Structures are given as structure tokens and as C-alpha cells.
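Enquirer: sequence first, predicted model second:
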Amino acid sequence: METKAGDPGAFAHFDLARVPSPAFVVDEAAVRRNLEILAEVKARSGAKVLLALKAFSMWSLAPLIDEYLDGFCASGIWEAKLASRHFNGSISTYAPAYKADELLEISALSNHVTFNNPAQIERWKKKAIQDLDNCDLGLRINPEIALGETPKYDPSQPHSRLGFPVSQLKAVHFDAISGIHFHNLCEQNFDALAQTWAKIEPLVAPYFDQLKWINLGGGHHITRDDYDREALIQFLSNLKAKSGCDIYLEPGEAVALDTGILVGEILDLFENNMPIGITDISATCHMPDVIEAPYRPAMLGESLGGDAIRLGGPSCLAGDIIGDYHLPEPAHIGQRIAFLDQAHYSMVKTNSFNGVPLPSIWLWNSDTDDLRCVKQFDWTDFRDRLS
């Protein structure tokens, strides 16, 4: 299983005993550094940058994020409400399909509402939802070029449900829209965007004068050290000049990349043809992508030698296995451990299967060493989700 890279940054010097276990700890200073990079891309290219809330919805950081970004990308009614009530800036909403009552509210909250195919747009316009006249309508297109490393996460996978196939685009489809949207990347560098646009441009360029905006979606790992930001800036600048449109990016991971850890504790140890450790971190409840992708999360301070120990969660699921690790020190009950790069997607995907407690959420500033709890959960959060 592939180990997902993670940069410990200032967490290399963070005392894990400062927070209860389990707990997410997000470094506000690291988030600011990522935002500064994105703000530079904005300033030099003329593009607009929206935070994809599906990846990182930490609204306690809204004042900080509002300083740097233009707005927010929502994937449905609840994210649109979150953006409207806790953040400032424009809201762009896309979902593969909408319910009538939700679309009414979404269109009232959003500046852009993007639909999955032209038939959807026509159907909702015939229903005479008045608020659709108060926002820009967009069409998500599927570039039909699969570039993702994990097929199940690739929007251009065969028979994809995400977006209208670009090969089926016709002139009439541009009559009812103000913009086009595509999202074809997942944790990728600039070259994947360049390949995607090379496929799309010949089919879209004839209609530039009918469009107000082009949304390039998310999956751009812009804040990663090896990302070719100079090439991106030049591309965005050229596209804006050539098309005459506003250009949008919707990074999610790039805002929170390498900004957070998940702290846990070893609860029990035993042998089963190798050392086994039970932790209060559950892969299925706290890091679902470990099982879904799957991937092996990098551990803070993992050593290079010694016997490996298999770490798993406290749930009854046989597959609740995090991975095999060389711990920073010999394994012992009560030992604190932490997994890197857990601020994005892990926090928004947590669940309470089996009644496993949810990790608390802490905000740390590595520049000032200020540490505060922003969210604590108890068993009533589990109870109140049920009936």
C-alpha cells in the first residue's frame, strides 16, 4: 500500500501530550503560509481562487481564509449554507443532481450554480424556479481524459456520472449558460491541468464570447513544494487574456496541505505472528480514505529500523487497520502517536460507526505556540444522529 507523503513541519516539535486523544491539531500558521501562496497565484495571474469546502470546512478559520481567497465552492445545500453563514466571498455550487426545494435555496445563496448536463438546466428552467434568474448558470463538462492515479477517484473514469461528456458538446448548449466547469484532477501537478485543457480547448474556444467564466475545478496541489507554480500562473494569465473570461480555481487540499495531524494513543499490545497495537484512532471512523483509497498515512517521527507493528482501531470491523509502522520509540501502552497531513478530507469524513468517539479539534499556532480547543464531542453527538 502506498504511503501518502507528509511534511511534519513545526509538528516535529509539538508535544503530543498537550491535547487529549484522539484529536486533530491544525497549525494556523501553516494554513496561512498555504493561503499566501494561493494569494500570490491570484495576484500574478488575475485568476480567482475558491476554497472547496468538501476538503476543508474548518469555519473557525473563516476570518483567516477570508483575508486571502475570493470565495467558496459548495457541493450541496449544507455546504452552501455553511459558506453563507460563516464565510465571506462568492459561492459556487455544483452537485450531480438537485432536489427542487434545495435548488431554490441554493440558487438564493450562490453566485454560480453549475449543472451536470444540459437536460438538467432545461428541466429546471421549465419548472420556472425564479431564483435561477438571480445567479449565473454553469455546465460541468467531463473532459474524457483519465489522468488520476486512483481510478475510483478519477472524474474521467469510464461511464463517469460527473459532468457532460465534452465530446457531446454542441453550440446550443452554450445558449443557457454563463460558464463552464470541469474538475479532472486529484492531488496533481500542473502538467495534468495542461493535458486536460489541451483536450477541452478546441471544443470550447469557439464559444468564449458567450461565456463569462471558466472554472478549472480542484485537485491542483498548488502549495506542494514541487508544484510548477510559474507554469500555472502563465497558463492562467494567458487563458484569461485569450478567453476574456474570469478564471476560477477551486483548490481544497492545497489550502490545508501539511497543516494538521491526528493524535492518538496505543491502548493495547499483543502478538499474532507480529506485534499488534490497538489505538484509539480508527481508520474507518477517523481516516476513511485509508480504507477507501486505500493508502498508508505517514507517521510523525517514524523510525527507519526495528520490528514493524501493525496498528488498528478500536472498532469491531476486521478491516479497521491503519498500517504497519516502525514507531519512534519502543511500543508501550499509553504511547502517543500522530499521523501527518490529516487536516483535509479526514476531518470532514469522520463518523461514529460502532459508537467510536470522534476526535476533538484543536487549533495551534506554531508561530506563537497558542493552542485552543475549537470543538469537543461527547456521546450525545452519537446519540443525536440516531432515532
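Expert: Yep, it's here.

Enquirer: going by C-alpha atoms from here, please, whenever you check contacts or count neighbours.
Expert: OK.

Enquirer: off-centre distance for stretch 102-118?
Expert: 20 Å (Cα atoms, centre = their mean, to the nearest Å).

Enquirer: likewise for stretch 66-79?
Expert: 12 Å.

Enquirer: list the buried residues for that stretch?
Expert: Under the neighbour-count criterion of 16 or more other Cα atoms under 10 Å, stretch 66-79 has 66, 68-77, 79 buried.

Enquirer: among those residues, which are located in strands?
Expert: If you go by DSSP state E, these have 71-74 in strands.

Enquirer: pLDDT and distance to Gly305 for the buried residues of stretch 66-79 - can I get that in TSV?
Expert: Putting the buried residues of stretch 66-79 into TSV (pLDDT from 0 to 100; distance: Cα to Cα, whole Å) gives the following:
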residue	pLDDT	distance to Gly305
Asp66	98	44
Tyr68	98	43
Leu69	98	43
Asp70	98	46
Gly71	98	46
Phe72	98	44
Cys73	98	44
Ala74	98	44
Ser75	98	44
Gly76	97	46
Ile77	97	49
Glu79	98	44
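
Enquirer: and these as TSV, adding distance to Arg372?
Expert: Listed next are the buried residues of stretch 66-79 as TSV, based on distance: Cα to Cα, whole Å:
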residue	distance to Arg372
Asp66	21
Tyr68	23
Leu69	24
Asp70	27
Gly71	26
Phe72	25
Cys73	27
Ala74	27
Ser75	29
Gly76	30
Ile77	30
Glu79	25
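
Enquirer: ok so, going back, relative to Leu317, which of the ones in strands among the buried residues of stretch 66-79 is nearest.
Expert: Within these, the smallest distance to Leu317 is 31.9 Å, found for Ala74 (Cα to Cα).

Enquirer: would you mind listing the residues in contact with the closest one?
Expert: Contact analysis of Ala74 by Cα atoms under 8 Å, 6 or more residues apart in numbering lists 52-54, 80, 83, 91-94.

Enquirer: how does it look with 7 Å?
Expert: Counting by Cα atoms under 7 Å, 6 or more residues apart in numbering, Ala74 touches 52-53, 80, 91-94.

Enquirer: and the closest residue to Ile65 other than its chain neighbours, how far from Lys42?
Expert: Spatial nearest neighbour of Ile65, chain neighbours left out: Leu35 (7.2 Å); criterion: Cα to Cα, 6 or more residues apart in numbering. Separation of Leu35 from Lys42 (Cα to Cα, to the nearest Å) stands at 10 Å.

Enquirer: ok, now Ile361?
Expert: Ile361 is 30 Å from Lys42, by Cα to Cα.

Enquirer: good, we can wrap up now.
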